[in-house]
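[1] Here is a sequence together with a model predicted from it:
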Amino acid sequence: MSRIKTARDLHFSPDDVRHAIRHAIFVRGHGGDIEQRLETVVARVNHGRWIADCPNCNAGIALHPEWDRARCFGCGAIYRNLTWPAHPRLIARVLRARVIRHQNWEPGETVADLIAENVAHAVVDLTVDETFEDGPTGDLVAEGG
Ligand SMILES: [Zn+2]
């Protein structure tokens, strides 16, 4: 199953400067202004992506847990007040077992809630660990077929 995507996957920029330049060019190219805003944006997972809703324009903002700011490509706003769950990687790990359209998490849902949903819907994660995905797949072939 696919992992949960972050701002890094969407904007291809692991460092803040290149992302800032890309953001400025995009926003100004669409007639907008870059604006630092004080509102807090709250991380959630929607269809396999870490995002937040822009408090200014309601567009989805891509987030990355290691980035200290979020940039809205809808209105140009930049936010530094970001709220993440305590264990984003654990949430992502549980959601990975699902198909992308069911990889959703909202603030307030616990990891136990997500695991219970996986069990209720008979979601089984066949991956053992990260390295297993890159290894041979011969073990997954059914016997006697
Ligand atoms: Zn916005």
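    Received it, and whenever you're ready, just let me know what you need.

[2] how much space between residue 38 and the ion?
    14 Å (Cβ to the ion, to the nearest Å). In this view, the C-beta of every residue, glycine as well, is placed from N, C-alpha and C.

[3] Pull the residues that contact the helix or strand hosting that residue.
    Secondary-structure element containing residue 38, defined by DSSP states H and E: strand 35-42. For strand 35-42, contacts defined as Cβ atoms under 8 Å, 6 or more residues apart in numbering pick out 52-56, 61, 63, 70, 75-83, 107.

[4] Also stretch 91-103?
    1-4, 45, 47-48, 50, 85, 104-105, 111, 114-115, 118, 121, 123-125, 127.

[5] for residue 76, phi and psi?
    Taking degrees, to the nearest 10, you get phi 100, psi -10 for the backbone angles of residue 76.

[6] isn't it right up against residue 29?
    No: Residue 76 lies out of contact with residue 29 (Cβ atoms under 8 Å); the separation is 10.7 Å.

[7] Around the ion, pick out the residues from the chain.
    Taking Cβ under 5 Å from the ion as the contact definition, the chain meets the ion at 54, 56, 57, 59, 72, 74, 75, 77.

[8] per-residue pLDDT, the residue lying closest to the fifth one once chain neighbours are set aside?
    Nearest-residue entry for residue 72: residue 54, 4.3 Å, with adjacent residues in sequence omitted and distances by Cβ to Cβ, 6 or more residues apart in numbering. Each residue has a pLDDT score; the one for residue 54 is 97.

[9] what's the following helix or strand after the strand holding residue 38?
    By DSSP H and E, the next helix or strand past strand 35-42 is strand 44-46.

[10] Residue 106 - how many residues pack around it?
    By the measure other Cβ atoms under 10 Å, the count of residues near residue 106 is 11.

[11] Starting from the ion, give me the distance back to it.
    When residue 106 is compared with the ion (using Cβ to the ion), they lie 20 Å apart.

[12] Was I right to think that residue contacts residue 44?
    Yes: when contacts are counted by Cβ under 8 Å, residue 106 is listed as touching residue 44 (5.3 Å).

[13] Can you give the contact residues for the strand or helix carrying residue 27?
    Element membership for residue 27 (DSSP H and E) is helix 16-29. Residues outside helix 16-29 that contact it (Cβ under 8 Å, 6+ apart) are 7, 11, 13, 33-34, 67-69, 71, 73, 75-76, 78.
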